[in-house]
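Visitor: Just the structure for this:
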Amino acid sequence: MKLLVVLGAVAVLLAGLLSVVDNNPELLSSLASTAPAAVTQEREPQPKCEPQPGVTNNAQVASGPASAPLPVQTAVVTLSPPPPAQIPFNDFAAQISADPSAAAKFVMQLPEGPTRIAAAEIVAISWASNDLPSAIQWIGTLPDGDLKQTVTRTTAYEAARIDPLSALDLASMLPASAERTQLLAHTLSQWATSEPAAATDWVNDLPDDSLKQRLLESVAVSAAEQNPEAAAALVASAITSDHEQSRAAVAVIQRWAQTAPEKAAQWLQDFPEGETRRAGTENLLAIWKLSDPQAATQWEMRSSAQPENSHS
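Guide: I've put the predicted structure just below:
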């Protein structure tokens, strides 16, 4: 994720900074020690052509008698900005690591638009990975708008792996949207791999029941990697939405079947007939038959003759 964001942001930044330099050459001077300047060149007087005997001067015939010589003209030539290879992008990248605060100030000098947002994303990623508290403090100084939301979201994604609580706080600052839900789900998935109970408690405190169900699914799926039994208990007891429960149950079965297919099969039997049980059975058997086809087939035959059960 980080690599994709950086690559996308750099592509926009390179294209945008060229345009910014064309229209605002004074910005370049803040990073480069020299800037293009206007130079004045004088035209050297052209040697006077003496008429040759017997040769008619067509210019004199057309214009009549020779007029007074024209004064020497001065031409002002403005050099264009340097080619892309000479623009100090490397200096900008180095400045972020050496002094992210100065890099952030430079970003805010850029005109509003995609270039400034792309540059701000790069600063946010680098700053958050090295000094998360300072990066969060910078967000507080930004004016409301697209740039602040982008920097907040980017910083939160970076914080998810090192400080999920701070990442969740940042995500909660964003307006409700599919992007925010995705960010919350990603952060909780990161947290649930090591602290599934704490992640579950955080989700249960949310007032939005629909969002809560969506995020509990993420917690359960992530927790199943380390503790499928705990994840299974969460799916059965806390996720009440049929859609989210079905998807979470299948994800738990897929992981549980790799280490303890018998236990996964026993848990699956508690579900009533329906989409969850059907999809879970298909996934369980597909994985189980790879490691122990005989045991999987025997369970399949027994389960088809057992009465239906329901989760309490």
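Visitor: mind checking how far residue 125 is from residue 170?
Guide: 14 Å (CB to CB, to the nearest Å). C-beta here means a position set from N, CA and C on the backbone, and glycine is covered the same way.
Visitor: Same check on residue 297?
Guide: The gap separating residue 297 from residue 170 is 50 Å, by CB to CB.
Visitor: out of those two, which sits in the more crowded spot?
Guide: With other CB atoms under 10 Å as the criterion, residue 297 and residue 170 differ in neighbour count, and residue 170 comes out ahead with 27 against 13.
Visitor: Tell me the spacing between the more buried one and residue 130.
Guide: Look at residue 170 and residue 130: by CB to CB, they are 17 Å apart.
Visitor: any low-confidence regions in this structure?
Guide: Across the chain, residues meeting the criterion (pLDDT under 70) sit at 1-94, 305-312.
Visitor: Which stretches in the stretch 201-312 of the chain count as strands?
Guide: Defined through DSSP state E, counting those that start in this stretch, the strands belonging to the stretch 201-312 of the chain form an empty list.
Visitor: count of residues packed around residue 300?
Guide: Around residue 300 there are 15 other residues, counting by other CB under 10 Å.
Visitor: Which residue ranges make up the domains of the chain?
Guide: 1-29+83-175, 196-312 (automatic domain parsing).
Visitor: Please tabulate those in TSV, including the columns distance to residue 181.
Guide: Shown next, in TSV, are the domains of the chain (distance: least, CB to CB, whole Å):
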stretch	distance to residue 181
domain 1-29+83-175	9
domain 196-312	6
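Visitor: Figure out which of these is closest to residue 189.
Guide: Set against residue 189 and scored by CB to CB, the domains of the chain come closest in domain 196-312, at 4.0 Å.
Visitor: ok, the nearest residue in space to residue 231 that is not next to it in sequence to residue 198 distance?
Guide: The shortest distance from residue 231 to any non-neighbouring residue, by CB to CB, 6 or more residues apart in numbering, is to residue 224 (3.8 Å). Per CB to CB, residue 224 is found 16 Å from residue 198.
Visitor: Show me which of those two is the more surrounded one.
Guide: residue 224 (26 against 15).
Visitor: Burial check on residue 278, number of neighbours?
Guide: Neighbourhood size, residue 278 [other CB under 10 Å]: 13.
Visitor: again with residue 98
Guide: Residue 98 has 10 neighbouring residues, counting by other CB under 10 Å.
Visitor: That one and residue 254, how far apart?
Guide: If you go by CB to CB, the gap between residue 98 and residue 254 works out to 46 Å.
Visitor: what touches both of residue 125 and residue 170?
Guide: Common neighbours of residue 125 and residue 170, counting by CB atoms under 8 Å, 6 or more residues apart in numbering, are residue 155.
Visitor: Surely residue 133 is within a helix?
Guide: Yes: the assignment for residue 133 is a helix, going by DSSP: H, G, I helix; E, B strand; the rest coil.
Visitor: do you know how far it is from residue 209?
Guide: To residue 209, residue 133 is 33 Å away according to CB to CB.
Visitor: ok, the residue nearest to residue 175 when sequence neighbours are not counted to residue 193 distance?
Guide: For residue 175, ignoring the flanking residues on the chain, the nearest one in space by CB to CB, 6+ apart is residue 149 at 7.7 Å. Using CB to CB, we find residue 149 at a distance of 27 Å from residue 193.
Visitor: same check, this time on residue 276
Guide: When distance is defined by CB to CB, residue 276 is 24 Å away from residue 193.
Visitor: quick one: which of these two has more around it?
Guide: Applying other CB under 10 Å to residue 276 and residue 193 shows that residue 276 carries more neighbours, namely 22 against 17.
Visitor: residues touching that one, list them.
Guide: Residue 276 makes contact with 242, 245, 246, 249, 250, according to CB under 8 Å, 6+ apart.
Visitor: hmm, which of those residues are the buried ones?
Guide: Under a neighbour-count criterion of 16 or more other CB atoms under 10 Å, the subset of the contacts of residue 276 counted as buried comprises 245, 246, 249, 250.
Visitor: Assess the claim that the first one and residue 234 are in contact.
Guide: No: taking contacts as CB atoms under 8 Å, residue 245 lies outside contact range of residue 234: 10.2 Å.
Visitor: Report the buried residues of the helix or strand hosting residue 105.
Guide: Using DSSP states H and E, residue 105 sits in helix 100-109. If you call a residue buried by 16+ other CB under 10 Å, then helix 100-109 has these buried ones: 100, 103, 104, 106, 107, 108.
Visitor: Now the element after it, going C-ward?
Guide: Following helix 100-109 in sequence order, the next helix or strand is helix 114-130 (DSSP H and E).
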